[in-house]
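K.L.:
Below are the sequence and a predicted model for it; my questions follow.
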Amino acid sequence: MTLQASAVAVEQLPETLNVKQRRLFFSELKSCMDNERPCIVLDCSKVRQMDRSGVHLLLCCLEEAMKRNGDVKLAEVAAGARAALELTGADRIFEMFDTNADAINSFRRLPVDASLHLCAPGSSYLASENAA
């Protein structure tokens, strides 16, 4: 099995997200999704507070990436924005990282589930899974 590494795009979320800025940001972000399996990090360092429309924007970004078998991860999420994500339950959907570098590097690692599927038949993991 060959896994291709994609380029990771890092996009800065604007400090405030009014209707015009949300539309502009989303249209600019869609240009980063031209490839198969887009890998996008949203730098949230300037966002101190987030309302439901901001959370909705993040979910729309994730939806577009997932349509192309990609992913969106959040970096440098301030406490106020994190609280909004927790309140809406979106914190369970997004992976959040302390730094952009950590988020970028997370795309280069295999998820735990994916690495388990690479086990050879008869390995101890598969044998113990089949025994259960």
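P.N.:
Arrived safely, thanks for sending.
K.L.:
Correct me if wrong: L62 contacts L74.
P.N.:
No. Here L62 lies out of contact with L74, judged by C-beta atoms under 8 Å, at a distance of 9.7 Å. For glycine as for every other residue, the C-beta is placed from the backbone atoms N, C-alpha and C.
K.L.:
Give me the common contacts of the two.
P.N.:
Common neighbours of L62 and L74, using C-beta atoms under 8 Å, 6 or more residues apart in numbering, are F94.
K.L.:
Give me the more crowded residue out of these two.
P.N.:
For the pair L62 and L74, the greater number of neighbours falls to L74 (25 against 20), based on other C-beta atoms under 10 Å.
K.L.:
Give the bridge partners for that one, please.
P.N.:
L74 forms beta bridges with L42, M96, as assigned by DSSP bridges.
K.L.:
can I assume it is in contact with E95?
P.N.:
Yes. Counting by C-beta under 8 Å, L74 does reach E95; the two are 7.1 Å apart.
K.L.:
Between these two, which contacts overlap?
P.N.:
A103.
K.L.:
where exactly do the helices run in this structure?
P.N.:
Counting by DSSP state H, one finds helices in the chain at the ranges 19-30, 52-67, 79-88, 100-106, 112-116, 124-131.
K.L.:
residue ranges with poor pLDDT in the protein?
P.N.:
The model of the chain has pLDDT under 70 over residues 1-6, 110-132.
K.L.:
re earlier: and the helices of the chain: which comes nearest D43?
P.N.:
helix 100-106 (5.6 Å; C-beta to C-beta).
K.L.:
So which elements touch the closest one?
P.N.:
strand 8-12, strand 39-43, strand 71-75 (3 or more C-beta pairs under 8 Å, 6 or more residues apart in numbering; DSSP states H and E).
K.L.:
Which of the helices of the chain sits closest to A9?
P.N.:
Using C-beta to C-beta, the helices of the chain put helix 19-30 closest to A9, at 8.3 Å.
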